[in-house]
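Chemist: I'll drop the sequence and a predicted model, then ask my questions.
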Number of protein chains: 2
Amino acid sequence: MRLSKTFIKTLREAPKDEVAKNGALLTRAGYINKEMAGVYDYLPLGLRVIENIKTIIREELNKIGCEEVLLSSLQNPEPWEKSGRFSDQEVDIWFKTELSSGGELGLAPTHEEPITEMMKKYISSYKDLPLYVYQFQTKFRNELRAKSGILRGREFLMKDLYSFHTSEEDLDAFYAEVEKAYSRIYERLGIGDCTYETFASGGIFAKYSHEYQTILPVGEDKVFYNTDKSIVLNEEVYNDEVLADLGAENEKFESTNAAEVGNIFKLKIKYSEPLGLKFIDENNKPQTVYMGCYGIGVSRVMGVIAEKFADDKGLVWPETVAPFKYYLVGIGDKGTEEAEKFYTGREEEVLFDDRNKRPGEKFADSELMGIPLRIVISDKTMDENAAEITDRKTGKTWRVDLSELFEKF
Amino acid sequence: MRLSKTFIKTLREAPKDEVAKNGALLTRAGYINKEMAGVYDYLPLGLRVIENIKTIIREELNKIGCEEVLLSSLQNPEPWEKSGRFSDQEVDIWFKTELSSGGELGLAPTHEEPITEMMKKYISSYKDLPLYVYQFQTKFRNELRAKSGILRGREFLMKDLYSFHTSEEDLDAFYAEVEKAYSRIYERLGIGDCTYETFASGGIFAKYSHEYQTILPVGEDKVFYNTDKSIVLNEEVYNDEVLADLGAENEKFESTNAAEVGNIFKLKIKYSEPLGLKFIDENNKPQTVYMGCYGIGVSRVMGVIAEKFADDKGLVWPETVAPFKYYLVGIGDKGTEEAEKFYTGREEEVLFDDRNKRPGEKFADSELMGIPLRIVISDKTMDENAAEITDRKTGKTWRVDLSELFEKF
């Protein structure tokens, strides 16, 4: 992409109405635009990051046999009334609206009820099970406060997966598969070594659920971890009973702030029972379907990565989610000509700063935008038949021969 | 994709609450699920069609220099109040909702106002122009009636492109580029020869706008066309004055029903003026930005294609939008083994009907689902070292050698 052809402009100053670092930096670097608190637009660079995150999640879910769908945002109250969750007393973050032909609708804050209701058309026999169905979908949550940039949105992008089983054992086995898939996902997203599967409250149908918590000073959650971080607990379940349960009464725990980047939950029959999702078993008897649900906040993950790796110069993207691999700058006539040559055919990988600006400004923008590698081809490097590479993360700079650049980059 | 592993089930009967052919067939064939009138879920096959349509549109827009973004659904009333369009008297299809922290919000039925408002941050000089920005976004429209399947949705997917210019001449030039891009898009979508650029009302800022109308008996619009279909008019502008304008007073016109699959509109300063989107020109003087907007109803296009090409056996997808190129059936032990071999490595192109069903049922489903080519490998065709191919559109069946099948398909 040619920077001269985009509408993106970096801003020197953080926007005044943005207290969160992720929101301020992503705005300054031209990734997002704030519509109102908790509601953001994704600009070309931001949308590329979102799509990269989605691709990683999609690939790992498809590997374990999940099918992608897209459910609606507008919600018929009916299935939600069966579970008791349409009530504003029960769920206090609904956005509600009115059909002009009459009747109240909701904007989906999550999708357990509609997918359970839908599956009544597709599941009838044990032969139809198990099934794993997911989507990337905009969720709406009427948060009273939203001051954390894209870490907590009133409108945000989520991946939600739902699984359907004949038995609790089958649910358990798939749950374990999802745990492995989630590990691979966070690894590939570049936050594998600071993201922990964390015990959290399980509600009334399960003792525990699991959250995935990324260590982050501004994270809204507090987690406790033992010395080797083999046991991590959300503070809501950090008590003597749970520690005894986990055989960790005598271990030492420390606490830190963290951001929840995913959660997985054995719903069992929590929704399938009130909504009447049944199957006929091998003995011709009706049984209630077991369910699990598994979320990843896609836009929140983008915010966590932005916040986590940023330094005083700006964003630092892991290569797997970066909008472009290379930030290309040509200096001088010969250098610029060679940069054009390098750019040709690499439009999808290279953000080419062909703007009429000083090299210093371009370098500052490449750092603010956080593109993993900067490639500078100048008249001076051309004299040595080379280009200069700078690693955004380490700041390390080195030269490569032009032939190597064209072959290996 | 293995049909045995998906939750998709075809239905023999059309759903009782679905009067539109596209809605009934797409539901029966397992592409969509109805949540309520005008609100549908996209199941795995349906989502693949949507993504194919998006890819074609995206490729053609990127070719003419457009940039992709994703704006929010939740709408701050402010920019809409400046244009006068937040009022329910002015725009009667708003879904409105309330922020829990206070204040009314809207759900975007379109995005002229927010993108004009946003561009005030990115456009300041003539050097920033022109710009072409588009998105694929869910729109919400509170239609009183919605009985046309996915042809008219209360929640639907749209591609909307907005262009920004220094002058009317520059807008005109880009408008002509979009006309060419739209021709290529409808051509690639398989409806090029039945989709016409149509004169329609231009509102107060332009004499005409253009719609793209696909001839369709159930289409909600009526268009008039001359003998060689070089002039097509929406009935709203079919009058003596307009015919005189186009030098077509003496031509014969006939009428037909049609479905609007796109529209393009020279907004000029309709929104940029009330919202104050200005640029500094070469003489250092502030000027109002000229704008155009260009829509394609992505989910409606899917419905139009479904409705247009369907026959008494079911859907008939053009190859470019079909969820899979091939519907694969293996019959007998040897045939099934060979089918497995063909499937391996072609998972993205082949819908493999590996279900434990009679061949007749599989053939009927392949026709209902409308996959372009059916490949049958049976013990019988294997004796001749061949596979049987059936073209969904023509019904023609022929044999190919297995070696040719593996090489060319």
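Modeler: On my side now, so go ahead.
Chemist: where in chain A is pLDDT low?
Modeler: Scanning chain A with the threshold set as pLDDT under 70 gives A:204-205.
Chemist: what residue spans form the domains of it?
Modeler: Domain segmentation of chain A under automatic domain parsing yields A:3-309, A:326-408.
Chemist: okay, those domains in TSV with distance to residue B:38 and mean neighbour count next?
Modeler: For glycine as for every other residue, the C-beta is placed from the backbone atoms N, C-alpha and C. Shown next, in TSV, are the domains of chain A (distance: least, Cβ to Cβ, whole Å; neighbours: other Cβ atoms under 10 Å in any protein chain shown):
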stretch	distance to residue B:38	mean neighbour count
domain A:3-309	9	19
domain A:326-408	37	17
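Chemist: could you tell me the phi and psi values at residue A:196?
Modeler: For residue A:196, the backbone dihedrals (degrees, to the nearest 10) come out as phi -120, psi 140.
Chemist: between the domains of chain A, which gets nearest to residue B:122?
Modeler: domain A:3-309 (4.5 Å; Cβ to Cβ).
Chemist: show me what the strand ranked longest in chain A is packed against.
Modeler: Counting by DSSP state E, the longest strand found in chain A is strand A:253-268. The contact analysis (3 or more Cβ pairs under 8 Å, 6 or more residues apart in numbering or on different chains; DSSP states H and E) places strand A:253-268 against helix A:168-188, strand A:195-201, strand A:208-215, strand A:221-226, strand A:290-297, helix A:298-309.
Chemist: out of the domains of chain A, which gets nearest to residue B:108?
Modeler: Closest approach to residue B:108 among the domains of chain A (Cβ to Cβ): domain A:3-309, 10.0 Å.
Chemist: nearest residue to residue A:393 other than its sequence neighbours?
Modeler: The spatial neighbour of residue A:393 that comes closest, neighbours along the chain excluded (Cβ to Cβ, 6 or more residues apart in numbering or on different chains), is residue A:316 at 5.4 Å.
Chemist: find the nearest non-adjacent residue to the closest residue to chain B within the stretch 251-400 of chain A, please.
Modeler: Residue nearest to chain B within the stretch 251-400 of chain A: residue A:356 (8.8 Å; Cβ to the nearest Cβ). Closest residue to residue A:356 apart from its sequence neighbours, by Cβ to Cβ, 6+ apart: residue A:4 at 7.7 Å.
Chemist: do residue A:207 as well
Modeler: residue A:245 (7.7 Å).
Chemist: what's the distance between the nearest residue in space to residue A:300 that is not next to it in sequence and residue A:120?
Modeler: For residue A:300, ignoring the flanking residues on the chain, the nearest one in space by Cβ to Cβ, 6+ apart is residue A:151 at 5.5 Å. Distance of residue A:151 to residue A:120, computed by Cβ to Cβ, to the nearest Å: 36 Å.
Chemist: who in the stretch 101-250 of chain A is up against chain B?
Modeler: Proximity of the stretch 101-250 of chain A to chain B (Cβ under 8 Å from any Cβ of the partner chain) is limited to residues A:101, A:105, A:107, A:114, A:118-119, A:121-123, A:128, A:131, A:133, A:138, A:140, A:142-145, A:154-155.
Chemist: OK, contacts around residue A:274?
Modeler: A:82, A:83, A:84 (Cβ atoms under 8 Å, 6 or more residues apart in numbering or on different chains).
Chemist: to the chain's geometric centre, what's the distance from the one helix or strand it maps to?
Modeler: Element membership of residue A:274 [criterion: DSSP states H and E] is helix A:272-275. Distance of helix A:272-275 from its chain centroid, counting by Cα atoms, centre = their mean, to the nearest Å, is 30 Å.
Chemist: kindly report the same for stretch A:137-145.
Modeler: 15 Å.
Chemist: quick check: beta-bridge partners of residue A:214?
Modeler: Going by DSSP bridges, residue A:214 is paired in beta bridges with residue A:195, residue A:259.
Chemist: so who does it touch?
Modeler: Applying Cβ under 8 Å, 6+ apart to residue A:214 gives the contacts A:186, A:191, A:194, A:195, A:258, A:259, A:261, A:304, A:308.
Chemist: picking up where we left off before, next, the residue nearest to residue A:393: secondary structure please.
Modeler: Assigned state for residue A:316: coil (three-state reduction, DSSP: H, G, I helix; E, B strand; the rest coil).
Chemist: now for it: which residues touch it?
Modeler: Contacts for residue A:316 (Cβ under 8 Å, 6+ apart) come out as A:309, A:310, A:370, A:392, A:393.
Chemist: can you give me phi and psi for the closest residue to the first one other than its chain neighbours?
Modeler: Once flanking residues are discounted, residue A:309 sits nearest to residue A:316: 4.1 Å by Cβ to Cβ, 6+ apart. Residue A:316 has phi and psi values of phi -140, psi 100 when expressed as degrees, to the nearest 10.
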